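*Asks:* Next input, structure requested:
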Amino acid sequence: MLRTYMKRGALPDAPTRKALPESVQKWLKQWRRFQLRDGMLCREVMDARTHEIYFQILCPTERRKEVWQRYHEAAAHAGVEKTLSRIRRFFYWPCMEGEVQEFQLGCAVCSLRNREAPRAPLHPIKVSYPLEVVALDFLTLGRPTDRYQNILVMTDLFTHYAWAVPTKDQTAQTAVHALWAHVIQTFGCPAGNGGVERLNQTLLHMLRTLEAEKQQRWPEFLPELLQAYNNTVHGATGYAPSYLMFGRHLRQPVDVNLGVDPEPLCHDLKGWVRDHYQKLSFAYEMTRKNKNSAATQNKRVYDKRAQALPLVPGERVWVKDRDRQGQGKLHPGWSPEPHVVLERVGDTGVVYRVRPEKGGREKVLHRNALKLCITPATDNYSPAPEDNQEVQTLVEPPFYCVVPNVPALQDGLPDLRRSTRSNFGQPPARYRL
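*Replies:* As a prediction, the model looks like this:
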């Protein structure tokens, strides 16, 4: 149609233009720039930076995605702006930027390559007494010449009392042995969880304060650093972790060296129990208030950047892959095998049970370890697992809730579907600024 008008050398009259499709009307707004060059419709433009005149080929609708794909792949899957700048050099169509953005969202290579994980709303772990939940994680110092390459860091989430154990590896057997020797034998068996990132950073900072010679023998000084940490007031509770754990301020070597010794309090057994109970009851109540206030503030700040949409059964997702398999920093960060959401687990709304699309072992993962899959669905679906099929429960950090033991689905794999939300790619309304 545009070619016909160009050959005539004149635009249609106003009533005819109004009756034309909206897409054609958008083309006609650029009428004065159109030219026929070697039998091709082109648009004359001037580069604002170089003042160079060049001509853009008017790209028909059916060829736009092909043009984008070729330039996008030639640019090593560059971002929207870089890909668009290369396309604009030789091609033009109305609303180019919006369409290129849609094409980019559908690029599986770019989506898998982007290591940035979606952020679900924060659900802080609620604890109300000492040793209810102990968080643990391995901290790697990255010093290949050291005998001990790692530190198993453990902390009680209520008192923030910490333990740190040098280890030669990060195996489950090593973690269980250290947990048994340093926590369970003395205090009993608490519930387990992840989330000791702040303690890791604090411990690294304390290790950096050692002199260079002492850093070569850091395992010898680790207990001293832990003692300093446990006897210093923690910002989240307002109390020293050792006070909340044992109900008294522990005497430190520096206290003895400086001759500052608190006056001993003499009690009979009943008097000591009564005094101990009163002090800890007051301290625990204040700790709960302080922790709740800190958790509310942390959630408010964290949720401002929470953009991960809730998932529904049948939705296809990619799963975060932490096994780099020798690829190092070239590893994309996500497994290319699509998974299917089976159900939501628990009442937090951020934990899901998923299974590989082609069949396999189920996993229970946090929303932050799942990304919406944009590749076309396959038609070869495997049958539902048998009743005795093993269900693998993987807890990917960050993990903000305890996963209950929910039985596997018995009705088979739900029908696969792709998301048809109108707000795709946007945070839920309650999280928008």
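
*Asks:* where does Lys279 fall, helix, sheet strand or coil?
*Replies:* With DSSP: H, G, I helix; E, B strand; the rest coil as the basis, Lys279 sits in helix.

*Asks:* my guess is it meets Gly247, correct?
*Replies:* Yes - when contacts are counted by Cβ atoms under 8 Å, Lys279 is listed as touching Gly247 (6.0 Å). (C-beta placed from N, C-alpha, C; glycine too.)

*Asks:* Now the common contact residues for these two.
*Replies:* Counting by Cβ atoms under 8 Å, 6 or more residues apart in numbering, no residue touches both Lys279 and Gly247.

*Asks:* Mind listing residues that contact stretch 259-277?
*Replies:* Gly247, His249, Arg251, Asp255.

*Asks:* could I get those residues as a markdown table with neighbour count and pLDDT?
*Replies:* As requested, these are arranged in a markdown table below (neighbours: other Cβ atoms under 10 Å; pLDDT from 0 to 100):
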| residue | neighbour count | pLDDT |
| --- | --- | --- |
| Gly247 | 15 | 90 |
| His249 | 13 | 86 |
| Arg251 | 12 | 84 |
| Asp255 | 14 | 80 |
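
*Asks:* could the residues you listed be laid out in JSON lines, adding secondary structure and distance to Arg353?
*Replies:* Shown next, in JSON lines, are these (DSSP: H, G, I helix; E, B strand; the rest coil; distance: Cβ to Cβ, whole Å):
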{"residue": "Gly247", "secondary structure": "coil", "distance to Arg353": "42"}
{"residue": "His249", "secondary structure": "coil", "distance to Arg353": "47"}
{"residue": "Arg251", "secondary structure": "coil", "distance to Arg353": "51"}
{"residue": "Asp255", "secondary structure": "helix", "distance to Arg353": "53"}
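
*Asks:* how much space between Asn230 and Thr155?
*Replies:* 10 Å (Cβ to Cβ, to the nearest Å).

*Asks:* Now do the strands in the stretch 201-350 of the chain.
*Replies:* Counting by DSSP state E, counting those that start in this stretch, the stretch 201-350 of the chain has strands at residues 316-319, 339-344.

*Asks:* Of all the ones you listed, which one comes closest to Arg119?
*Replies:* Among those, strand 316-319 comes nearest to Arg119, with 15.1 Å by Cβ to Cβ.

*Asks:* Given that closest one, what are its sheet partners and their directions?
*Replies:* Strand 316-319 has these partner strands in its sheet, going by DSSP bridges: strand 339-344 (antiparallel), strand 370-372 (antiparallel).

*Asks:* tell me, which of the ones you listed is the model least confident about?
*Replies:* Ranked on mean pLDDT, the bottom entry among the strands paired with strand 316-319 is strand 370-372, at a mean of 89.
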